[in-house]
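*Asks:* Dropping a prediction and its sequence here:
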Amino acid sequence: MQDSLNGNKESKKSKKKGKKNRKGEREGMSFAGIGNAAAGTALVDTVKNIFTQEHNKPATKGDLLKLVNHLNRYQRIKDLEPNMFGHYPYLDLETGNVIYRL
């Protein structure tokens, strides 16, 4: 009866040590495993990039800077009335011209 108890203890200890392959050696990290993980990650990122629409992709710092520059370039002129088409007057700070936009 004690042999069966000792046998159970040994099997529990072997499970704690790690996963063993057929030869009884412990499996570890290998260059092939790392390469497979990297290739899988690259494949998933590529597929995700292909199927994600442009307007659903996250904005970058460059996109935000472009937006800020665009918003700062045109300043609405509140003293002038809209033209006959309903376009509002804006001052283009880069050229100094008044333009009409929606």
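*Replies:* Right, received. Where do you want to start?
*Asks:* buried ones in the lengthiest helix in the chain?
*Replies:* Identified as the longest helix of the chain according to DSSP state H is helix 31-51. Within helix 31-51, not a single residue qualifies as buried, counting by 16 or more other CB atoms under 10 Å. (Glycine included, C-beta is placed from N, CA and C.)
*Asks:* same check, this time on stretch 84-95
*Replies:* Applying 16+ other CB under 10 Å to stretch 84-95 flags 89-90 as buried.
*Asks:* Which stretches in the chain count as strands?
*Replies:* For the chain, the strands defined by DSSP state E cover 74-76, 88-92, 98-101.
*Asks:* Using CSV, lay out those together with distance to T41.
*Replies:* As requested, the strands of the chain are exported to CSV (distance: least, CB to CB, whole Å):
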stretch, distance to T41
strand 74-76, 43
strand 88-92, 46
strand 98-101, 45
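*Asks:* any chance of those strands in a markdown table, with mean pLDDT too?
*Replies:* Formatted as a markdown table, the strands of the chain follow (pLDDT from 0 to 100):
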| stretch | mean pLDDT |
| --- | --- |
| strand 74-76 | 91 |
| strand 88-92 | 94 |
| strand 98-101 | 94 |
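*Asks:* follow-up on the earlier one: then the longest helix of the chain to PDB, C-alphas only?
*Replies:* What follows is helix 31-51, C-alpha atoms only, in PDB (Å, rounded to 0.1, in the frame of the first residue of the first chain):
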ATOM      1  CA  PHE A  31      15.000  28.800 -32.600                       C
ATOM      2  CA  ALA A  32      12.400  26.900 -34.700                       C
ATOM      3  CA  GLY A  33       9.700  27.700 -32.200                       C
ATOM      4  CA  ILE A  34      10.700  31.300 -32.000                       C
ATOM      5  CA  GLY A  35      10.700  31.500 -35.800                       C
ATOM      6  CA  ASN A  36       7.300  29.900 -36.100                       C
ATOM      7  CA  ALA A  37       5.900  32.300 -33.600                       C
ATOM      8  CA  ALA A  38       7.300  35.300 -35.400                       C
ATOM      9  CA  ALA A  39       6.000  34.100 -38.800                       C
ATOM     10  CA  GLY A  40       2.600  33.500 -37.300                       C
ATOM     11  CA  THR A  41       2.500  36.900 -35.800                       C
ATOM     12  CA  ALA A  42       3.600  38.600 -39.100                       C
ATOM     13  CA  LEU A  43       0.900  36.600 -41.000                       C
ATOM     14  CA  VAL A  44      -1.800  37.700 -38.600                       C
ATOM     15  CA  ASP A  45      -0.700  41.300 -38.700                       C
ATOM     16  CA  THR A  46      -0.600  41.300 -42.500                       C
ATOM     17  CA  VAL A  47      -4.100  39.800 -42.800                       C
ATOM     18  CA  LYS A  48      -5.500  42.200 -40.200                       C
ATOM     19  CA  ASN A  49      -3.900  45.200 -42.100                       C
ATOM     20  CA  ILE A  50      -5.400  44.000 -45.400                       C
ATOM     21  CA  PHE A  51      -8.900  43.500 -44.200                       C
END
